[in-house]
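**Q** prediction below, plus the sequence it came from.
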Amino acid sequence: MDLHSASTVVLRVLTQATSQDTAVLKPAEEQLKQWETQPGFYSVLLNIFTNHTLDINVRWLAVLYFKNGIDRYWRRVAPHALSEEEKSTLRAGLITNFNEPINQIATQIAVLIAKVARLDCPRQWPELIPTLIESVKVQDDLRQHRALLTFYHVTKTLASKRLAADRKLFYDLASGIYNFACSLWNHHTDTFLQQVSSGNEAAVQSSLERTLLSLKVLRKLTVNGFVEPHKNMEVMGFLHGIFERLKQFLDCSRSIGADNICRDRLEKTIILFTKVLLDFLDQHPFSFTPLIQRSLEFSVSYVFTEVGEGVTFERFIVQCMNLIKMIVKNYAYKPSKNFEDSSPETLKAHKIKMAFFTYPTLTEICRRLVSHYFLLTEEELTMWEEDPEGFTVEETGGDSWKYSLRPCTEVLFIDIFHEYNQTLTPVLLEMMQTLQGPTNVEDMNALLIKDAVYNAVGLAAYELFDSVDFDQWFKNQLLPELQVTHNRYKPLRRRVIWLIGQWISVKFKSDLRPMLYEAICNLLQDQDLVVRIETATTLKLTVDDFEFRTDQFLPYLETMFTLLFQLLQQVTECDTKMHVLHVLSCVIERVNMQIRPYVGCLVQYLPLLWKQSEEHNMLRCAILTTLIHLVQGLGADSKNLYPFLLPVIQLSTDVSQPPHVYLLEDGLELWLVTLENSPCITPELLRIFQNMSPLLESELSSENLRTCFKIINGYIFLSSTEFLQTYALGLCQSFCDLLKEITTEGQVQVLKVVENALKVNPVLGPQMFQPILPCVFRGIIEGERYPVVMSTYLGVMGRVLLQNTSFFSSLLNEMAHKFNQEMDQLLGNMIEMWVDRMDNITQPERRKLSALALLSLLPSDNSVIQDKFCGIINISVEGLHDVMTEDPETGTYKDCMLMSHLEEPKATEDEEPPTEQDKREKMLALKDPVHTVSLQQFIYEKLKAQQELLGEQGFQSLMETVDTEIVTQLQEFLQGF
């Protein structure tokens, strides 16, 4: 089919693919998908999207399909890769003429040319850059703009390549075109500055757009195009010129007001200048050294003096502050403790910084930050009134300092204060001094100044540790301020309680805690919502603190919990509900069981909140966390929550439900905690285990997989017979699949679960996990090389041998057929490997188990077992060394692993009380031979029985096969029998 008729067919299908009707749209999308790998398809698409007479939507779709095709089929090694001939034609077609009239399509074409350039430039496409440079010079406005747009996207893409060879190519490109890029930018910038006063808005907008694009190109070349940029005159000339250009553009902002169509582009250009400086400082700190002085002078004058009045705007101030912060904080400019160890470059930069940051400059910056930038603005106070929850959420951490003014000023203050704290501490203390005593509620300005100073004292808490007697200040100044209930005093009530939260972990005497709890109880009833939310935050910091003492907190627990719960109901925003829930969780976690009398209201409210938060998965995560702490606090009483709890676990851990992406980790944790605290199995609790099989088949993180194994163990301990009869078949299949593809550590985890099942249920366990046991047996016989795996194999086999002899015999019989050996011979090989690899076992319980298991083969007249008698005795004596402790009073030995019902360890105050699962494990240990059978007694009885079987002489000759040293040790252990 020729190109023309193919174009007609593709055009028809593309038109159908832009339809709103799914009956037309779906078949068209399918057809396009099939054509993606057909030779010539992309040539047809190129024809379509460069034909300006066609429908815009169709051309847009053609560009997108072309762009996706580059990602999938342009590389030579890709399946269904495009032929070199077609690629060559397409490359030529893409840069024939830069005359796309529609902005959005022009941007997409520029992006796809850049994608091809990333793969082919310069080797397969040497003409791209020269063509762009020529096209950028043409007089036609549209062509010039489109070429410049493409030039920018190509430069940006090539600059982002990271391999050494690609970097080298980009360095060569940059040094070749830098001069041209500079003159191009200067030309467009001068044109713009001349036209500003002409009043021709269209011309101004057009030249400003070109200025912005050419500056974007220069930014990429300057920051990424040179190894040592400070050695290049043109680069440093451009960077030094930025300050003058910035001044010119800032002056333009006087005449280009907020309602001017160019205003947005003008601000973007000004910000782009600052980005060039910030990026260059980040990538080349030492090359930036000659610019430090100028950058600091420029930024400080515009941000902290009158120079900036009337021309600066918020985003520009943020960028200037970030520039100051990056210079102050830059590690490259910090000398070592021993000055001699620092590089000359570091010392040079440090010297420039020190010369700039004199006492007057630092003092002025500090005062301006606090008394000007820290003040709550009109907008913020309005927001406080109209959207209190929005106001509290606004102040978030993370990277917000890079973009928002308030976090930016605070971070700058912290960094400068940290760097120059000896100079600035007296300045801040003096500000504090002037603000003693209460402030007149009518004087709003004085209230805001005090708020700002308190903010500074909170931010600098660590630096002020030695200079402020916080305990005295708390009692004499801050507590009285919290008691001023006037509505206009609320900024200070909020700030003071925030300030205390900042100091709690720095310096706050434990004895003062009750006074603080009293204040928190009062403030949680404040008429202002912002104050209440801030108080909850400080409560969390207090409860979370290292020096928190439950006994001090308990008298206030009921009041606090009730008030927090009321706050949780009062707030409406998702983020605030999450925040209050975290505070509640934290309180529940800290007081644990003491919470039981007070949680009724919360327990009734959470199902309603869960229902309301269907669209808000993060809020649901917070509910899950709260439930985890609640279940731990309630212990066995958590059974009353099951009607709500179990459906929540069911949904959160169901991999077929979309929310599991967010909820799975917390959902698994909740499931585990629920099992650990469950007093008995219920049909519903058993039923949710249906979620486990799909979970084990899905791609779980190792952390989540570990939790799954703990959950399975939880069920085995809770109700082994019922659980194994219902689920063991499917579980065993999942385990077999897992063992084929899992890491060594994962194999050990799986086998530990099997070992637990055998320990808890020696009769049913081996039958249920029968398919896994042959591979364990084979692993022992073949001498598994990983010690931890071998140790687990021997633990599993030890359980079967000791606690289900008949099953062991049938397994041995089955394996003998598989190995084509006699049963006795195979048993002999196994004992030999067991004796040989005993050192792989490090856990004392498993070492004792091995001794008991091998001894259980005695008494025997089987020649193979008698042949291995020496090894069995060796292991038994090793076991005795592991478990026997000497009683100092009687001088006799006893087995330290024996447990009795009488031993009830006393839980100390700091220890958490045992969970229901801890109690179950204790009961299980009381039935476990490892903890109920004395190894000493067992050896004695087995040897006695062997002696009776063989007679005195036969037994003596058997004992002679054992090393005399071992026999002596054995006799010593068996004294008194």
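**A** Arrived safely, thanks for sending. Numbers count the residues shown, from 1 in each chain.
**Q** mind checking the SS state of the residue nearest to residue 922 when sequence neighbours are not counted?
**A** Distances taken as C-beta to C-beta, 6 or more residues apart in numbering place residue 914 nearest to residue 922, at 7.5 Å, with adjacent residues excluded. To be clear about C-beta, it is placed using only N, CA and C from the backbone, and glycine gets the same treatment. Put simply, residue 914 is coil when judged by DSSP: H, G, I helix; E, B strand; the rest coil.
**Q** for the stretch 401-550 of the chain, what spans make up the helices?
**A** Assigned by DSSP state H, counting those that start in this stretch, the stretch 401-550 of the chain shows helices spanning 405-419, 421-433, 444-459, 470-473, 479-482, 490-503, 513-523, 529-544, 550-570.
**Q** can you tell me the strand partners of the helix or strand bottoming out on mean pLDDT in the chain and which way each runs?
**A** None of the helices or strands of the chain scores lower by mean pLDDT, DSSP states H and E than strand 893-895, at a mean of 79. Paired neighbours of strand 893-895 in the sheet (DSSP bridges): strand 884-886 (antiparallel).
**Q** from the chain's centre, how far out does the strand it pairs with sit?
**A** 48 Å (C-alpha atoms, centre = their mean, to the nearest Å).
**Q** give me the buried positions along the longest helix belonging to the chain.
**A** The residue-count maximum for a helix in the chain (DSSP state H) belongs to helix 702-741. Judged by neighbour count (16 or more other C-beta atoms under 10 Å), helix 702-741 contains these buried residues: 704-705, 707-720, 723-724, 726-728, 731-732, 734-735, 738.
**Q** mind giving me the packing neighbours of it?
**A** helix 660-676, helix 683-687, helix 692-697, helix 744-760, helix 764-768, helix 916-925 (3 or more C-beta pairs under 8 Å, 6 or more residues apart in numbering; DSSP states H and E).
**Q** wait, residue 946 sits on residue 858?
**A** Yes: counting by C-beta atoms under 8 Å, residue 858 is a contact partner of residue 946 at 5.2 Å.
**Q** let me see the ranges of the helices in the stretch 1-150 of the chain.
**A** Assigned by DSSP H, counting those that start in this stretch, the stretch 1-150 of the chain shows helices spanning 3-17, 22-35, 41-49, 56-73, 84-94, 103-120, 128-137, 141-159.
**Q** and of those, who's closest to residue 516?
**A** Closest of the helices of the stretch 1-150 of the chain to residue 516 is helix 141-159, at 53.9 Å (criterion: C-beta to C-beta).
**Q** what is the closest one packed up against?
**A** Using 3+ C-beta pairs under 8 Å, 6+ apart, the elements in contact with helix 141-159 are helix 103-120, helix 128-137, helix 164-196, helix 201-224.
**Q** next, the buried residues of that helix.
**A** Neighbour-count burial for helix 141-159, counted by 16+ other C-beta under 10 Å, picks out 143-159.
**Q** cool, and stretch 670-688?
**A** 670, 671, 672, 673, 674, 675, 676, 677, 678, 685, 686, 688.
**Q** of those, closest to residue 82?
**A** The closest of the buried residues of stretch 670-688 to residue 82 turns out to be residue 671 (C-beta to C-beta; 50.8 Å).
**Q** leaving out chain neighbours, which residue sits closest to the closest one?
**A** Leaving aside its sequence neighbours, residue 671 sits nearest to residue 649 (C-beta to C-beta, 6+ apart; 4.7 Å).
**Q** next, count neighbours for residue 955.
**A** 17 (other C-beta atoms under 10 Å).
**Q** and it, that one's in a helix?
**A** Yes: with three-state DSSP as the criterion, residue 955 is part of a helix.
**Q** picking that back up, so what's the residue count around the residue nearest to residue 922?
**A** Number of residues near residue 914 (other C-beta under 10 Å) recorded here: 14.
**Q** and the pLDDT at it?
**A** On the pLDDT scale, residue 914 is placed at 86.
**Q** do the same with residue 856
**A** pLDDT for residue 856: 93.
**Q** tell me the contacts of the residue nearest to it when sequence neighbours are not counted?
**A** The shortest distance from residue 856 to any non-neighbouring residue, by C-beta to C-beta, 6+ apart, is to residue 802 (5.3 Å). With contact set as C-beta atoms under 8 Å, 6 or more residues apart in numbering, residue 802 has these partners: 849, 852, 853, 856, 929.
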